[in-house]
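S.K.: Give me coordinates for this.
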Amino acid sequence: QVLLVESGGGLVQAGGSLRLSCAASGRTISSYAMGWFRQAPGKEREFVGAIRSGGSTVYAESVKGRFTVSRDNAKNTVYLQMNSLKPEDTAVYYCAADARTALGPYKYWGQGTQVTVSS
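M.R.: Next up, the predicted model:
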C-alpha cells in the first residue's frame with residue numbers, strides 16, 4: 001500500500017508559479033511511474049504530466065514548456081513545478097503512483113490539492 005499526500009497548492013495570480021509536492025509513504029516509489037492529474041469543476045480528470053522510474057518525462061500539450069515533473073527518490077517525493085500559470089490551470093491536482101506506463105492506469109492516488117489561478 002502506498003499513501004500519497006499532495007501539498008503546495010494555493011491561490012496565485014496569472015503568470016505566477018507554484019510547486020506542488022507529493023510525498024509517498026508505505027513503500028519506496030523509486031521503481032514506480034508517478035503521474036500528476038487535475039480536475040477542474042464540471043470537467044473530467046485529465047492527465048498533466050508524469051515521470052518514469054528512469055527519469056524521463058511526458059506532458060500534456062496544454063502544459064508542455066510551462067510545467068515540470070521531477071522526483072527525489074531519497075525523499076520518496078515527486079514534484080510538479082508550474083510556471084506561467086493561467087486561469088485555465090485552476091483545478092484540484094492529484095498525484096498518482098504505480099503504473100506500468102506513464103499514462104496509467106495508476107493504482108494509488110492522493111487526495112488532491114487545490115490550485116486557483118486568478119486573472
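S.K.: For Ala91, give me its contacts.
M.R.: Arg38, Gln39, Ala40, Lys43, Gln114, Val115 (Cβ atoms under 8 Å, 6 or more residues apart in numbering). Yep, even glycine has a C-beta here, placed from its N, CA and C like the rest.
S.K.: So what pairs up with the spatially most central residue of the chain in the strands?
M.R.: Geometric centre of the chain, nearest residue: Trp36, 2.8 Å, by Cα atoms, centre = their mean. Using DSSP bridges, the beta-bridge partners of Trp36 come out as Gly49, Cys95.
S.K.: In this structure it contacts Leu20, no?
M.R.: Yes: using Cβ atoms under 8 Å as the test, Trp36 is close enough to Leu20 to be in contact (7.4 Å).
S.K.: Overlap of the contact sets of the two?
M.R.: Joint contacts of Trp36 and Leu20 (Cβ under 8 Å, 6+ apart) are Leu80, Tyr93, Cys95.
S.K.: now the residues you listed in JSON lines, with neighbour count, distance to Lys64 and pLDDT?
M.R.: Below are the shared contacts of Trp36 and Leu20 laid out as JSON lines (neighbours: other Cβ atoms under 10 Å; distance: Cβ to Cβ, whole Å; pLDDT from 0 to 100):
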{"residue": "Leu80", "neighbour count": "27", "distance to Lys64": "13", "pLDDT": "98"}
{"residue": "Tyr93", "neighbour count": "23", "distance to Lys64": "16", "pLDDT": "98"}
{"residue": "Cys95", "neighbour count": "31", "distance to Lys64": "19", "pLDDT": "98"}
